[in-house]
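Sequence first, predicted coordinates after that:
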Amino acid sequence: MLFREIMEMLGTSAFAISGALAAMRQRLDVFGVLVITFATAVGGGTIRDMLIGNTPVAWLKDQQTITVIFGSYLLTLIFRRYLRHFNRTLAVFDAVGLGFATIVGLQRGIEAGLSPAVCVTLGMVTGCFGGVVRDVLLNEIPLVFRKDIYASASMLGGLLYFLFAAWDMFRPLAATLSMLAIIGIRLVVMRYGWEFPGVKTPED
Amino acid sequence: MLFREIMEMLGTSAFAISGALAAMRQRLDVFGVLVITFATAVGGGTIRDMLIGNTPVAWLKDQQTITVIFGSYLLTLIFRRYLRHFNRTLAVFDAVGLGFATIVGLQRGIEAGLSPAVCVTLGMVTGCFGGVVRDVLLNEIPLVFRKDIYASASMLGGLLYFLFAAWDMFRPLAATLSMLAIIGIRLVVMRYGWEFPGVKTPED
Amino acid sequence: MLFREIMEMLGTSAFAISGALAAMRQRLDVFGVLVITFATAVGGGTIRDMLIGNTPVAWLKDQQTITVIFGSYLLTLIFRRYLRHFNRTLAVFDAVGLGFATIVGLQRGIEAGLSPAVCVTLGMVTGCFGGVVRDVLLNEIPLVFRKDIYASASMLGGLLYFLFAAWDMFRPLAATLSMLAIIGIRLVVMRYGWEFPGVKTPED
């Protein structure tokens, strides 16, 4: 239980730090950085909750998440000069965050009685749309649509979950395995720099 | 009934294809194209449902729409080299989509007991905001705000509906006629290239 | 009561006019300007209501707000050549709008039983995210993240409210004083051109 919570907080923290770093790169003021940090960390879960109708959305009632995000913001602000030495660590945290957020989102969909395809989509939204919100606010085409196997790792993990469930696997085990699959895919993809091809159109 | 469903699916398909084509133009990878395709096709109805509080939002519970969108995505991906020969057909589908989405959105507003002005707005949001979501995600100023008589065609159709209703017209007939008006306006506008003037400011 | 309503309408009107002016600067057509005007005026409260689950969101049921926004749109369109002589007046209205919207948003959070930190955030979202929506739709990095003490003035006012409340101050008085604090901060900041420093990153 404790282990699970620590992992979840590491994931949230990674999302928050990615938001803070992106906002600082655009030279926002300290306050703008704070807002982008929050929006990145809670964006995916917020959109999921608004789609399902789980309101007030989760983070409004969750002091722990708010504290973790605010702490990550302060640490990023203070140690920004040293964070570049931890790129690899942050990338691992981010993979953990994607894995956790995907499975949490998928389970919220199941609780709401939605179909597997929709649950997989909600998992992807939870894991990836914080980054989408971050990039939209910073006026960039969302990175997740352009680079790396990221949203696809999330959806593959979601599909695995339902495959395991179809085999009558014990649900917490299915959740853990598919989460590990997402984290593993991300680590391998980052190690070897894989990505999907862009679509070639006739104008090219 | 069958005819109505076929028309509705053609409209959804047209919205999906417009999203897929725009995403491919930005050279997103196959996965990014998929997400933009969905967001374009369901974006308007999703925002409407979140505004009214119709949650879970409609498409989460509608396998048929999801299937049509996914099919449109695959067809666009496979036949992208030939689609330019069908620009005119796609534009007609899109007009059909705008007409249907507007009237569906307006009716959801009436069911929620909202005022005519708000229902017309919800019809416009349903018809036009999928394209707005598409353009925001692709980092462009929404086309619908800049070009052509599009959002205005939707709102004019919505006003017609309430005019007909004020004459005590049989509601399904009012819905059909105002939907046809929207489609007709769009076809005429595209044929003759009409548009509203931009607003001139003193700096010009 | 009447005074309060007049102030609130002045604030809404200021938000609407700021949206209309920004949209005209981008040379949108008259219809695009209308949509941006609405989105700017109601955006903050809409996001707040969707986060809390107050649906249908407030403006859908509020004819008076809709009328004020539409009137502001028409006036801006007609008198756009003269509005530059009223920049200072508009800035004062905008400060009033920020103060009112913040306190209204904060009170909605309290009514929903949320924690003080979250209520302050909801106040800031209500006051500032209309401008964020405006800038995202117009494809710009939200001004509120880059310039001036704006979101921070809103949050400071929110903190003051809870400080006053902790002193057992009569709530309507606490609301009025914190609202006046926000307006005062904005007026002073605009007078002297204060702003927070951008965050310097090692790449600079």
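Done, it's in. This one's a predicted model, so the numbers in the text were calculated from it and none came from an experiment.

By proximity to chain B, which residue of chain A wins?
Distances between chain A and chain B by CB to the nearest CB are smallest at residue A:53, namely 2.5 Å. For the C-beta atoms, the positions are set from N, CA and C on the backbone; glycine is no exception.

Count residues in the vicinity of the closest residue to that residue other than its chain neighbours, would you?
Excluding the flanking residues, the one nearest residue A:53 by CB to CB, 6 or more residues apart in numbering or on different chains is residue B:55, at 2.5 Å. By other CB atoms under 10 Å in any protein chain shown, the residues close to residue B:55 number 21.

And the lowest-mean-pLDDT helix or strand in chain A, what does it pack against?
Using mean pLDDT, DSSP states H and E, helix A:2-25 stands out as the lowest-scoring helix or strand of chain A, at a mean of 83. If you count contacts as 3 or more CB pairs under 8 Å, 6 or more residues apart in numbering or on different chains; DSSP states H and E, helix A:2-25 packs onto helix A:30-52, helix A:63-78, helix A:87-111, helix A:116-137.

Compare those helices and say which comes out lowest on pLDDT.
Lowest mean pLDDT within the helices and strands packed on helix A:2-25: helix A:87-111, a mean of 87.

From the centroid of chain A, which residue is nearest?
Centroid-nearest residue in chain A: residue A:127, 3.2 Å away (criterion: CA atoms, centre = their mean).

And the contacts of stretch A:100-113?
A:7-8, A:11, A:15, A:44-45, A:48-49, A:52-54, A:118-127, A:130, A:154, A:157-158, A:161, A:175, A:178-179, A:182, B:56, B:60 (CB atoms under 8 Å, 6 or more residues apart in numbering or on different chains).

tell me which parts of chain A are close to chain C?
By the rule CB under 8 Å from any CB of the partner chain, the part of chain A lying against chain C is A:23-33, A:35-36, A:38, A:46, A:50, A:53, A:55-57, A:60-61, A:63, A:66, A:77, A:80-81, A:84, A:136-139.

before we move on, the earlier item: let me have the helices and strands packed on helix A:2-25 in JSON lines, extended by distance to residue C:92.
Output for those, formatted as JSON lines (distance: least, CB to CB, whole Å):
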{"stretch": "helix A:30-52", "distance to residue C:92": "22"}
{"stretch": "helix A:63-78", "distance to residue C:92": "32"}
{"stretch": "helix A:87-111", "distance to residue C:92": "44"}
{"stretch": "helix A:116-137", "distance to residue C:92": "28"}
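
Could I get the contacting residues of residue A:167?
Counting by CB under 8 Å, 6+ apart, residue A:167 has no contacts.

For residue A:109, see how far away it is.
Per CB to CB, to the nearest Å, residue A:167 is found 20 Å from residue A:109.

Residue A:131 too?
Counting by CB to CB - residue A:131 and residue A:109 are separated by 20 Å.

what's the answer for residue A:43, then?
17 Å.

And residue A:73, by the same measure?
29 Å.

Reduced to three states, what does whatever residue of chain A ends up closest to chain C come out as?
Nearest to chain C in chain A, going by CB to the nearest CB, is residue A:55, at a distance of 2.5 Å. Under DSSP: H, G, I helix; E, B strand; the rest coil, the three-state class of residue A:55 is coil.

follow-up on the earlier one: what's the closest of the helices and strands packed on helix A:2-25 to residue C:191?
helix A:30-52 (19.7 Å; CB to CB).

From the chain's centroid, how far away is the closest one?
Helix A:30-52 sits 11 Å away from the centroid of its parent chain (CA atoms, centre = their mean, to the nearest Å).

buried ones in it?
Buried residues in helix A:30-52, counting neighbours by 16 or more other CB atoms under 10 Å in any protein chain shown, are found at A:31-52.

just checking, what packs against it?
Looks like helix A:30-52 contacts helix A:2-25, helix A:63-78, helix A:87-111, helix A:116-137, helix B:30-52, helix C:30-52, helix C:151-166 (3+ CB pairs under 8 Å, 6+ apart).

That helix to helix A:151-166, inter-axis angle?
Interaxial angle, helix A:30-52 versus helix A:151-166 (axes from the mean of the first three to the mean of the last three CA atoms, to 10 degrees): 40 degrees.

and the angle for helix A:30-52 with helix A:116-137?
Counting by the same axes, to 10 degrees, helix A:30-52 lies at 160 degrees to helix A:116-137.

my guess is residue A:52 contacts residue A:122, does it?
Yes. Using CB atoms under 8 Å, residue A:52 is in contact with residue A:122, at 7.3 Å.

what's the overlap in contacts for those two?
Residues touching both residue A:52 and residue A:122 (CB under 8 Å, 6+ apart): A:108-109, A:114, B:60.

what's the farthest-apart pair in the residues you listed?
A:108 and B:60 (11.4 Å).

so what sits against both of these two?
Counting by CB under 8 Å, 6+ apart, the shared contacts of residue A:108 and residue B:60 are A:52, A:122.

okay, the two: which has more neighbours?
Between residue A:108 and residue B:60, residue B:60 has the larger neighbour count (other CB under 10 Å), namely 25 against 21.

picking that back up, quick one, which of the helices and strands packed on helix A:30-52 gets closest to residue C:188.
Taking CB to CB, helix C:151-166 is the member of the helices and strands packed on helix A:30-52 nearest to residue C:188, at 9.4 Å.

Are that closest one and chain A in contact anywhere?
Yes. Residues of helix C:151-166 are located near chain A by CB under 8 Å from any CB, namely C:151-152.

What are the buried residues along that helix?
C:151-158, C:160-162, C:164-165.

Stretch A:21-29 now?
A:21-24, A:26-29.

Which member of these is positioned nearest residue B:145?
residue A:26 (24.4 Å).

what sits against the closest one?
A:138, C:141.

pLDDT wise, what is it at?
On the pLDDT scale, residue A:26 is placed at 83.

what does residue A:200 give?
At residue A:200, the pLDDT recorded in the model is 59.

Please name the nearest non-neighbouring residue to residue A:105.
residue A:126 (2.8 Å).

and what of residue A:71?
Leaving aside its chain neighbours, residue A:71 sits nearest to residue A:13 (7.7 Å; criterion: CB to CB, 6+ apart).

same question, residue A:7
Leaving aside its chain neighbours, residue A:7 sits nearest to residue A:96 (5.8 Å; criterion: CB to CB, 6+ apart).

Surely that neighbour is in contact with residue A:11?
Yes. Residue A:96 lies in contact with residue A:11 (CB under 8 Å); the separation is 4.8 Å.

Which neighbours do the two have in common?
With CB under 8 Å, 6+ apart, residue A:96 and residue A:11 have no common neighbours.
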